[in-house]
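>>> fold the following, please.
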Amino acid sequence: MAISRKIFVNLPVRDLGRTKAFFAALGFAFNAQFTNEHGACMVLSEDGYVMLLTHTFFGRFTRRAIADTSVVTECLVALSCSSRAEVDELLGRALGAGGVEAAEGQDMGFMYQRSFYDLDGHHWEIFWMDPATVQGE
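Alright, predicted model coming up:
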């Protein structure tokens, strides 16, 4: 049996206020207990969180340079949605809040996927998978 774990993805951001407003426009909430002027804890689910950290604060946790997302991809953050419609809705909100579509969407029948870059150039993949496929039916 797999151990149940929580995940905290840490992303550097240039303007914490703008970034919080962007993700709030997408419908995400923040845990006030872990949010201050240095970072914000964005809640994805009861087991998934994104720590949006100012560059200065993020730099305290690594000895490497922060990736320049205007020229490199640091990672792909994949986020599941409950339906194809939610994928399209979330992408629409992201674009309306200042995000940029990252690639043409893909419809593979059992999986539907779109993607966007947020205000800091982080690459988000949003997708829906047919539950019957996931369960192996």
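>>> which residues sit against the longest helix along the chain?
Once the chain is assigned using DSSP state H, the helix that runs over the most residues is helix 84-96. Residues from elsewhere that reach helix 84-96 (CB atoms under 8 Å, 6 or more residues apart in numbering): 22, 25-27, 81, 101, 105, 112-114, 116, 118, 124, 126-128. Just so you know, the C-beta spots here come from the backbone N, C-alpha and C atoms, and that holds for glycine as well.
>>> show me which positions of the helix or strand following it end up buried.
Going down the chain from helix 84-96, the next helix or strand is strand 100-107, by DSSP states H and E. By neighbour count on 16 or more other CB atoms under 10 Å, the buried set for strand 100-107 is Ala102.
>>> give the contact list for Phe61.
Asn10, Leu53.
>>> quick check: it vs Ser115, distance?
Phe61 sits 26 Å away from Ser115, going by CB to CB, to the nearest Å.
>>> what segments of the chain are helices?
According to DSSP H, the helices that the chain contains are 16-25, 55-58, 84-96, 131-134.
>>> now render those helices as CSV, adding distance to Phe8.
Formatted as CSV, the helices of the chain follow (distance: least, CB to CB, whole Å):
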stretch, distance to Phe8
helix 16-25, 15
helix 55-58, 13
helix 84-96, 21
helix 131-134, 24
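>>> for this structure, give me the ranges with low pLDDT.
Where the chain drops to pLDDT under 70, the residues are 1, 135-137.
>>> if we use 50, what do you get?
Within the chain, the stretches with pLDDT under 50 are 137.
>>> send me the longest helix of the chain as CSV with only the CA atoms.
Output of helix 84-96 as CSV, limited to C-alpha atoms (Å, rounded to 0.1, in the frame of the first residue of the first chain):
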residue,chain,number,x,y,z
ARG,A,84,-13.1,18.6,-20.5
ALA,A,85,-15.2,21.7,-19.8
GLU,A,86,-13.2,22.5,-16.7
VAL,A,87,-10.0,22.3,-18.7
ASP,A,88,-11.3,24.8,-21.2
GLU,A,89,-12.7,27.0,-18.4
LEU,A,90,-9.5,27.1,-16.5
LEU,A,91,-7.5,27.9,-19.6
GLY,A,92,-9.9,30.7,-20.4
ARG,A,93,-9.5,32.1,-16.9
ALA,A,94,-5.7,31.9,-17.2
LEU,A,95,-5.7,33.7,-20.6
GLY,A,96,-8.1,36.3,-19.3
